[in-house]
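>>> predicted model follows, preceded by the sequence.
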Amino acid sequence: MLTGHQGPVWATVITPDGKHLVTGSFDNTARVWNMETGELIRTLSGHQNSVRAIAITPDGKHVVTGSGDHTARVWDLKTGTVLHVLEGHGDRIEKTVIGPDGKRLVTISFDTTARIWNLETGELLHHLQGHEGGVETANITPDGNRLLTGSADGTVRMWDMDTGALIDILRGHEGEIVAAAVTPDGNRLVTASADKSTRIWAIDPANYPLLTTNEMLRAAGAKTNFRACRKTQDIIPVLPFPEPGTIWAPEELCDQKAAAK
């Protein structure tokens, strides 16, 4: 058992080599531990409020902490030295995400925005605005090209990591989005919401329609297999589809009239 924090532990992450654990706490610190022995290696002090988010670069050399003090800090994991203090958010930072190349960092905040930073220099690259509620989830696709942010406003926004441009808005949930994950091939996003549903979305530009599940639709009273067309907001029957599970229909169905609901 690892003890030493003076407040609730809110975030944990393990280094890529599996040798170290970093924990973040409401005592305003992060701590680095030896995974094998449980020994406390160092305490990362400097935040003025709770450490709510932690991310580690793919090479394991740097750790990023996000805090209730509205800042993120980039640390040298080996020495505990602060390399950058990233300022600009107007509310607590909910999550920190590092791109697969280890060069870009995303911070999301309850101030309704996300920010993309150059991790090496600490420079702000893009300030992403548009959500109407706190941003609670963030995922970067495995190729590092797209960022997906989920919000208390019930939407997911898809952004271009290079330009910061908004690519699309995924609508459908009726409650805040509290968790999300991207498949290893980068083609699908799974979102979990306070509306008691989970949705599976296509995030490949060639296959944009919403993916969903028979179980979810049946719970909503559907009598057969349907899919939702985001472009027209229609609910279109997809037949035949004998097996329950993930459903899919070609995009051209979006241009057809729904037969009967």
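Looks like it came in fine. Computed from a prediction, not measured in an experiment: that's the story for all the values here.

>>> ok, which stretches of the stretch 1-150 of the chain are strands?
9-14, 20-25, 30-34, 40-44, 51-56, 62-67, 72-76, 82-86, 93-98, 104-109, 114-118, 124-128, 135-140, 146-151 (DSSP state E, counting those that start in this stretch).

>>> what's the closest of the ones you listed to G164?
strand 124-128 (3.0 Å; Cβ to Cβ). (C-beta placed from N, C-alpha, C; glycine too.)

>>> quick one: strands adjacent to the closest one?
Partner strands and pairing direction for strand 124-128 (DSSP bridges) are strand 114-118 (antiparallel).

>>> buried sites along the strand it pairs with?
114-117 (16 or more other Cβ atoms under 10 Å).

>>> and those residues, which is closest to A72?
W117 (7.8 Å).

>>> just give the nearest non-adjacent residue to the closest one, would you?
What sits nearest to W117 in space, not counting adjacent residues and going by Cβ to Cβ, 6 or more residues apart in numbering, is L105, at 4.5 Å.

>>> what sits against that neighbour?
Residues in contact with L105 (Cβ atoms under 8 Å, 6 or more residues apart in numbering) are 55, 64, 72, 74, 86, 96-99, 116-119.

>>> now the buried members of those.
Buried among the contacts of L105 (16+ other Cβ under 10 Å): 55, 64, 72, 74, 86, 96-99, 116-117, 119.

>>> format the buried residues of strand 114-118 as JSON lines; extra columns: distance to L2 and pLDDT.
Shown next, in JSON lines, are these (distance: Cβ to Cβ, whole Å; pLDDT from 0 to 100):
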{"residue": "A114", "distance to L2": "31", "pLDDT": "98"}
{"residue": "R115", "distance to L2": "31", "pLDDT": "98"}
{"residue": "I116", "distance to L2": "33", "pLDDT": "98"}
{"residue": "W117", "distance to L2": "30", "pLDDT": "98"}
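
>>> can you tell me which of those is nearest G150?
A114 (10.4 Å).

>>> rewinding a little: tabulate the contacts of L105 in a markdown table, adding columns for distance to D185.
Formatted as a markdown table, these follow (distance: Cβ to Cβ, whole Å):
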| residue | distance to D185 |
| --- | --- |
| A55 | 22 |
| V64 | 26 |
| A72 | 29 |
| V74 | 30 |
| L86 | 31 |
| T96 | 24 |
| V97 | 18 |
| I98 | 20 |
| G99 | 17 |
| I116 | 23 |
| W117 | 26 |
| N118 | 27 |
| L119 | 25 |
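
>>> still on that earlier bit, just the buried ones among the contacts of L105 now: which is nearest T23?
Nearest to T23 among these, with distances taken as Cβ to Cβ, is A55, at 13.2 Å.

>>> list the residues that contact the nearest residue to L125 once chain neighbours are set aside.
Counting by Cβ to Cβ, 6+ apart, L125 lies nearest to I116, which is 4.6 Å off, once chain neighbours are set aside. Going by Cβ under 8 Å, 6+ apart, I116 touches 104-106, 124-126, 128, 147, 161, 164.

>>> nothing else from me, thank you.
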